[in-house]
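Asks: build me a model from this:
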Amino acid sequence: MSSPSTTTTSGASRRPALSDPGYQAFVILRIGFTVAPILFGLDKFANLLVDWPAYLAPWANDVVPGSAQAAMYAVGVIEVVAGLVVALAPRLGGWLVAGWLAGIIVNLLTIPGYYDVALRDFGLLLGAVALARLAQGYNGKRQSH
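Replies: Next comes the predicted model:
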């Protein structure tokens with residue numbers, strides 16, 4: 001029997017509360033923005049999901065050295081790194097992914113017929129900003145139940 005002045009600290013009470021909807025949102029966004037950029041980045045080397053060079057605006061293709069596929073290799077590396085940054089430092093990684101998505105949106109808005117994809121990426125950008133903001137409060141801090 002413990003007295004009111006006696007406190008016990010269990011491992012569970014030091015972890016963020018998984019019942020907290022805000023923390024759940026943080027975890028969902030952190031996992032999503034870790035896995036998706038890594039998978040899409042790796043696919044830039046295989047083109048299994050889509051023909052990625054088709055998503056590069058003609059003006060961007062004229063600016064980058066080499067072929068559109070070579071540019072997609074660089075994009076793939078950046079996306080894998082962005083996913084890893086989200087995994088390790090979500091407060092920074094969220095802003096990094098949001099900035100990257102802003103660049104993708106500008107590129108897509110200059111290609112006729114890709115406005116729907118640009119709009120979808122705007123939604124993803126908002127999710128990345130939400131991750132960065134939630135990470136400000138949840139990442140590295142412990143909450144009690």
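
Asks: from now on I want contacts and neighbour counts done on CA atoms only, so please keep to that.
Replies: Noted.

Asks: contact partners for the residue most central in space within the chain?
Replies: Centroid-nearest residue in the chain, with Cα atoms, centre = their mean: residue 33, separated by 2.8 Å. By Cα atoms under 8 Å, 6 or more residues apart in numbering, residue 33 lies in contact with 83, 86, 94, 97, 128.

Asks: can you tell me the SS state at the second one?
Replies: Secondary structure assignment for residue 86 (DSSP: H, G, I helix; E, B strand; the rest coil): helix.

Asks: residue 113 and residue 57, how far apart?
Replies: 11 Å (Cα to Cα, to the nearest Å).

Asks: re earlier: mind checking the SS state of the residue nearest to the centre of the chain?
Replies: On the basis of three-state DSSP, residue 33 is classed as helix.

Asks: look up how far residue 87 lies from it.
Replies: Taking Cα to Cα, one finds residue 33 at 8 Å from residue 87.

Asks: same thing with residue 63?
Replies: 31 Å.

Asks: who's more crowded, the two?
Replies: Neighbours per residue (other Cα atoms under 10 Å) separate residue 63 from residue 87, with residue 87 holding more: 18 against 9.

Asks: what's the closest non-adjacent residue to the more buried one?
Replies: The spatial neighbour of residue 87 that comes closest, neighbours along the chain excluded (Cα to Cα, 6 or more residues apart in numbering), is residue 34 at 5.5 Å.

Asks: many thanks, I have nothing further to ask.
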